[in-house]
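[1] prediction below, plus the sequence it came from.
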Amino acid sequence: MGHILHESKDGAHMKPRVHNMRANTAPEGAIYCGRGSKWGNPFRIGEHGTRAQVIDRFRVEVLPKLDVRPLRGKHLVCFCEPKPCHCDWILRKANETPFVIAATGHRPNKLGGYGEDVQRRLFTIARNYLGLSLATRTISGMALGWDQAFAEASYDLGIPFTAAVPFDGQDRMWLDDSRTHYHWLLKRAAEVRVISSGAYAPAKMQRRNVWMVNMADRVCALWDGSPGGTGNCVAHANAVGTPIDYVWWDFARPHIDGVRP
């Protein structure tokens, strides 16, 4: 058991934690996050599973969609403590340190084409990955395929993303529909950073990759192992020691009714 700290009831210098409503230990300014509040767990013990199962469902299905920034530095109140509680995950997410994840991955020509089915699969993989991550910000190179799916999943989950545009006019040669979606995403980026001025040049793609990796705490790579821009980005991440999560298998592995065998 850890140290028990006896501190002032006003919460001064107390590390934020979860309090039991009945214990009367919560300092002034603590926020109720139990059922009936917008922070409550919609899944009930018994009806939807065991305590562990309903907390896990909250973590996976609800927490990624919650904006917990107003709870940063705040004590939380529920009825579960000292038993495990969904508020434990809220507290963790609200007080996490900044954590940036950059995406690198293939364009549609290596993923089976430009159809909506491919893009839906990419979006689902990106959203599932980010929903379980501790990312507070993401970086996308904004290429067609994985990059844009990662940006869109970030926006869908409320995670601010930086659009790392490799050069002016990245979309100049794209089809109209692709250009429209690209500019839709740019408008939703928390930041748009043009890494190199001027028109396309091969070196500018890797310069963008290097910038993304150097700005990130972790890289999420949809890479099949083939040579090319994604491989170059992975190589730089390995060279500077940035951890990499490989998600190619999530894309390549066969699925049955949306569930992995």
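    Right, received. Where do you want to start?
[2] which stretches of the stretch 101-250 of the chain form helices?
    Using DSSP state H, counting those that start in this stretch, the helices of the stretch 101-250 of the chain run over 116-131, 146-157, 176-188, 202-215, 229-240, 248-252.
[3] so who does V68 touch?
    When contacts are counted by Cβ atoms under 8 Å, 6 or more residues apart in numbering, V68 touches W39, I90, K93, A94. C-beta here means a position set from N, CA and C on the backbone, and glycine is covered the same way.
[4] excluding chain neighbours, what is closest to it?
    Spatial nearest neighbour of V68, chain neighbours left out: A94 (4.1 Å); criterion: Cβ to Cβ, 6 or more residues apart in numbering.
[5] now do that neighbour against G112, distance only.
    39 Å (Cβ to Cβ, to the nearest Å).
[6] which one's more surrounded, these two?
    A94 (22 against 11; other Cβ atoms under 10 Å).
[7] L130 reaches R137, doesn't it?
    No: with contact defined as Cβ atoms under 8 Å, L130 does not reach R137; the gap is 11.0 Å.
[8] which one of those two has more residues nearby?
    Using other Cβ under 10 Å, the more surrounded residue of L130 and R137 is L130, with 22 against 19.
[9] so who does the more buried one touch?
    Per Cβ under 8 Å, 6+ apart, neighbours of L130: P64, I101, T138, F150, A153, S154, L157, I159.
[10] list the contacts for the second one?
    For I101, the set of contacting residues under the criterion of Cβ under 8 Å, 6+ apart consists of L130, S133, A135, R137, T138, I139, A216, D217, R218, V219, C220.
[11] any chance of those residues in JSON lines, with pLDDT and distance to F58 too?
    Formatted as JSON lines, the contacts of I101 follow (pLDDT from 0 to 100; distance: Cβ to Cβ, whole Å):
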{"residue": "L130", "pLDDT": "91", "distance to F58": "17"}
{"residue": "S133", "pLDDT": "78", "distance to F58": "16"}
{"residue": "A135", "pLDDT": "87", "distance to F58": "18"}
{"residue": "R137", "pLDDT": "94", "distance to F58": "23"}
{"residue": "T138", "pLDDT": "98", "distance to F58": "23"}
{"residue": "I139", "pLDDT": "98", "distance to F58": "28"}
{"residue": "A216", "pLDDT": "96", "distance to F58": "28"}
{"residue": "D217", "pLDDT": "91", "distance to F58": "25"}
{"residue": "R218", "pLDDT": "94", "distance to F58": "24"}
{"residue": "V219", "pLDDT": "97", "distance to F58": "28"}
{"residue": "C220", "pLDDT": "98", "distance to F58": "24"}
